[in-house]
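Asker: Here is a sequence together with a model predicted from it:
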Amino acid sequence: MREHVLKTRRTLPNDARASLSRAACARTLDLLDAHLDFSGERAPLVATYCAMKNELDTTHLIERLYARGAHVAFPCTRGPLRMEFMEVNEATWRAAAIDFLARPGRFFPDQNFPGLTAVDPEAFDAIVVPGAAFDESGMRLGLGAGCYDAFLPQVRKGCLVAGIAFDEQLCEQIPADIHDRRMSVVVTPTRTIEPA
C-alpha cells in the first residue's frame, strides 16, 4: 500500500503539487484558526514539518503561522523511532541554516543544535502530521521509520493532531496497530475529514 501511494504522489506534476499544497495549507490554517486562540496572551505552539521531495509543501502554512504569532516547532529525527521537535524562530526557518530543516527526513543521532532545545510533547496545541497515506477514520500510514508512531502517544489528549496529504493519498482503510494514534482530523486540498 505504501509504495503504491508514494508512487502516485511522485507522479503529480510540480505545478499541480504546488497549487494543491497551497490549498491544503489554507484548509489547515482555517482549521487551526477555528481551534486555537491566536489573539490570546499565550501564543499557540504548533508542530509542523519541512517537506521532503514530493511531499505536500507546508511553506504557505508555516509563513501564516509565523505571521499570526504562533510558536512553530519542527521534527528532528534522531533515528528509527526517535524524534523530537524543536521550536525554531522565523529567521532561522527562512535561512534553513539548521541541518534538520535543510535536510528533513535524515537522521541526526548525536548532533547538538546550539540555542535549540526539544519541546515537551505535552506542550503542543496542534501538530500537523505528514504521512504516506491516511484513511477517513483518521488512521495514518507513515514512511516506515516509526518516528511519529513513537512520538504521538506522548502528546496530551487535547492537542489537535491533523494529518495533511494530497487527495491521492487517501485510502479506503489503513490497518491499525495498538500503538497507533488516530488523527483528530485529516486535511487534503479539497476535504477536511473529522473522523466520527
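Answerer: Looks like it arrived, so ask away.

Asker: Just the pLDDT for residue 127.
Answerer: Among the per-residue scores, residue 127 holds a pLDDT of 99.

Asker: Same question for residue 156.
Answerer: 95.

Asker: can you give me the strands in this structure?
Answerer: For the chain, the strands defined by DSSP state E cover 45-47, 71-79, 82-87, 126-129, 133-135, 140-141, 160-164, 170-171, 185-187, 192-193.

Asker: TSV for these, including mean neighbour count and distance to residue 151?
Answerer: Backbone N, C-alpha and C define where each C-beta goes, glycine included. Shown next, in TSV, are the strands of the chain (neighbours: other CB atoms under 10 Å; distance: least, CB to CB, whole Å):
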stretch	mean neighbour count	distance to residue 151
strand 45-47	24	9
strand 71-79	20	8
strand 82-87	19	5
strand 126-129	24	9
strand 133-135	23	17
strand 140-141	22	12
strand 160-164	24	10
strand 170-171	18	22
strand 185-187	25	18
strand 192-193	16	22
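
Asker: With respect to residue 109, which of these lies nearest?
Answerer: Among the strands of the chain, the nearest to residue 109 by CB to CB is strand 71-79 (5.2 Å).

Asker: what angle separates the closest one from strand 82-87?
Answerer: Here strand 71-79 runs at an angle of 160 degrees relative to strand 82-87 (axes from the mean of the first three to the mean of the last three CA atoms, to 10 degrees).

Asker: What strands flank strand 71-79, and is each parallel or antiparallel?
Answerer: strand 45-47 (parallel), strand 82-87 (antiparallel) (DSSP bridges).

Asker: and residue 170, which of those strands is closest to it?
Answerer: Closest approach to residue 170 among the strands paired with strand 71-79 (CB to CB): strand 45-47, 22.3 Å.

Asker: For the residue nearest the centre of the chain, which non-adjacent residue is closest in space?
Answerer: The residue lying closest to the centre of the chain (CA atoms, centre = their mean) is residue 129, at 2.8 Å. Nearest non-adjacent residue to residue 129, counting by CB to CB, 6 or more residues apart in numbering: residue 163, 5.0 Å away.
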